[in-house]
Every structure is written in structure tokens, then in C-alpha cells.
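>>> heads up, no residue letters with this:
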Ligand SMILES: Nc1ncnc2c1ncn2[C@@H]1O[C@H](COP(=O)(O)OP(=O)(O)OP(=O)(O)O)[C@@H](O)[C@H]1O
């Protein structure tokens, strides 16, 4: 698939002829210098952007041709997003942030609350459930964001520089969580500059100028991304 921005002499080939299969349960780290297309690729995988050319298949379903509404539902119900700057709602407590995502994904209020509390417990923040994000450390905020990303039981968690704003100790906390998710069989795609995250991934892809310069894994049968060709 391709993602181009601009045109003519201003054309940027942000994602250039990339062919990616990700089997269920694989933890993938995408690395590479600034501007090589990592975020653009992640946005294509999450249905946040459409490819300029080519197809995106998620769990056997072609997603790049979905309507805006269907794409929004797919993101809400099937994808967990984690961002560098957390993107929590400042006026909601930790548990409310997680709960809201579960409610939006269609869970009943009672189930959404129970699931939110379970997830906060899973990320080690049961005792911070009623704190506002402003009363949490960066690492704690990112762990709330990871709990939120899991609230819809996503097919895949997509993370864009999840430790980019964290100090070393907080990075280790988040690293430990990703490792737990990987062991639990959660499919993960993480864009990162952090070699420590890459070290716990099953597969490391290095990008250069929109293409894969290196891929530590030899493609087999695709079941999460790919499989549509
Ligand atoms: N909306 C846009 N319009 C025009 N060009 C864009 C747009 N988004 C990204 N680009 C360009 O596409 C290329 C890839 O950008 P992208 O953000 O995917 O790279 P990245 O590897 O994630 O970078 P970083 O590590 O700095 O976040 C860059 O040259 C960037 O300037």
C-alpha cells in the first residue's frame, strides 16, 4: 500500500509500496528515523487515514473502502489506540476515562464500570481509579490510556511513541505492561524510538523513506493484517 501527501514536485511518499502481514498475537515494533513514515503507516492500520493506493485488511475484512461511519465504528469497537501524549479527558477520573471508551463500544453501564476497574487493576492502578489525570504521573497516565485502549477488547493495539513523553522509570512500567500484553497474546503494533520496547517485540521492522529497510520476521499466513490478496 501507499500513502502520499501533496502532489507534483511537492509529492511526499510517506508510505511507499509497503506490504505488511501481521499474524494474530504478534507484537511488532516499527522503528526508523523521524519522517520515515511510521505514524502514517500506523494511521493506515488503524483506519485513521486511507491509503492513496492499495488495500488494508483487518481480521479478514477490507477496511480502506468502508464509509466514514463504518470506519469510526471499526476504530471504536476493534482497535485500541495509545498515543505519545496520552489523550485522556482531563475532567474525567481514571476509571471514567476507561469506562467511557467501554460505554462507547456498546457495553452496558454496569459491565463498562466493572471492566474499567478490572483493567485499572491489570495496569496496577486500582488505587488511583478516582484520581483525575492531573493528579497522576506521566507513567500512570499512560497506563490509564493503555487500560482505555483495552476496554473494547481490541483485535489490535496500535501505539505511537507510547514512551516518548516518559522518564526512564515510567518507560519501564509501560514496557512491562506491553510485555504482559504480548505474553497474553494481544496483537500489538508499536511505533517507537526506544530499543527497549523493540527488544520485547516478536518482530522489529525498520523503515527508511516510506519503505521497509529491514524486517526481522519472514511473513507467513496473515490473519490480523493482510490476507486479502
Ligand atoms: N498530513 C500531512 N501532509 C503532508 N505531509 C505529511 C503529512 N503527514 C506526514 N507527512 C509527511 O510524510 C512523511 C512521513 O511522516 P510520518 O509522520 O509518518 O513519519 P514518522 O516516521 O512517524 O516521523 P516521526 O518519527 O517524526 O513522528 C514526512 O515527510 C512528513 O512530513
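In hand now; what should we look at? Keep in mind the model is a prediction, meaning the values are calculated, not measured.

>>> Just the helices from the chain, written as ranges.
38-45, 68-78, 94-104, 109-122, 138-150, 168-183, 195-199 (DSSP state H).

>>> hang on, residue 209 packs against residue 13?
Yes: Residue 209 lies in contact with residue 13 (Cβ atoms under 8 Å); the separation is 7.4 Å. Where C-beta positions appear, they are placed from N, C-alpha and C, glycine not excepted.

>>> neighbour count winner among these two?
Neighbour totals were compared for residue 209 and residue 13, and residue 13 leads with 17 against 14 (other Cβ atoms under 10 Å).

>>> burial count for the nearest residue to the more buried one once chain neighbours are set aside?
Closest residue to residue 13 apart from its sequence neighbours, by Cβ to Cβ, 6 or more residues apart in numbering: residue 210 at 4.8 Å. Residue 210: 22 surrounding residues under other Cβ under 10 Å.

>>> for residue 6, same thing?
10.

>>> give the contact list for the residue nearest to residue 167 when sequence neighbours are not counted.
Computed as Cβ to Cβ, 6+ apart, the closest residue to residue 167 that is not its neighbour in sequence is residue 138, at 7.1 Å. Shown in contact with residue 138 (Cβ atoms under 8 Å, 6 or more residues apart in numbering): 86, 165, 166, 167, 170.

>>> what's the answer for residue 95, then?
So residue 95 contacts 113, 116, 117, 120, 129, 130 (Cβ under 8 Å, 6+ apart).

>>> if we go to 7 Å?
116, 117, 120, 129, 130 (Cβ atoms under 7 Å, 6 or more residues apart in numbering).

>>> Let's see if you can find the most crowded of the residues you listed.
Result: residue 116 is most packed of those (other Cβ under 10 Å), 27 neighbours.

>>> mind listing what's buried in stretch 20-34?
Residues 20, 21, 22, 23, 26, 27, 28, 29, 30, 31, 32 are the ones in stretch 20-34 that count as buried (16 or more other Cβ atoms under 10 Å).

>>> Show me which parts of the helix or strand of the chain with the lowest mean pLDDT are buried, residue by residue.
Ranking every helix and strand in the chain by mean pLDDT, DSSP states H and E puts helix 195-199 at the bottom, with a mean of 89. Going by neighbour count (16+ other Cβ under 10 Å), the buried part of helix 195-199 is 197, 198.
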